[in-house]
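Chemist: curious how this folds, go ahead:
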Amino acid sequence: MASRITELVLDAHDPELLARFWCEVLGYTVLTRDDNGDIEIGPADAGSARPTLVLNKTGRAKAEKLRLHLDINATDRDQDAELERLLAAGARPADVGQTGEESWHVLADPEGNEFCLLRRRVAPA
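Modeler: As a prediction, this is how the structure comes out:
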């Protein structure tokens, strides 16, 4: 028997802001909110094997590069159209030392957490 990733936890200064952003990006919905201000978002289909994202309220600002980042792929449009959608949702380009020859775009969410938009289109889950 193996394990699988069920939740990814991201520290957030403003969980509401990041919940709105990541729900828009991933097509997720808010699943739970707790009394501490933490928010869990995920697929509306409770039986989905996709991991949820827990936005863990913290008073600390992001101080350095994350050791883990998310890679995402568009499901219903090409990479350029998805990039436009992500920028309109509040993402911004991030410079992590890329050369400009990469097939992916490095972006940051509204709190500066880096993620990559890859070129390949994938089927919706």
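
Chemist: okay, now the unreliable bits of this protein?
Modeler: Scanning the chain with the threshold set as pLDDT under 70 gives 1, 61-63, 65, 125.

Chemist: now the helices for it?
Modeler: 15-26, 79-89 (DSSP state H).

Chemist: just name the most buried of those.
Modeler: helix 15-26 (a mean of 19; mean count of other Cβ atoms under 10 Å). (C-beta placed from N, C-alpha, C; glycine too.)

Chemist: so what does that one touch, helix or strand wise?
Modeler: strand 29-33, strand 39-42, strand 52-57, helix 79-89 (3 or more Cβ pairs under 8 Å, 6 or more residues apart in numbering; DSSP states H and E).

Chemist: right, and the helices of the chain - which one's nearest residue 69?
Modeler: For residue 69, the closest of the helices of the chain is helix 15-26, at 13.1 Å, according to Cβ to Cβ.
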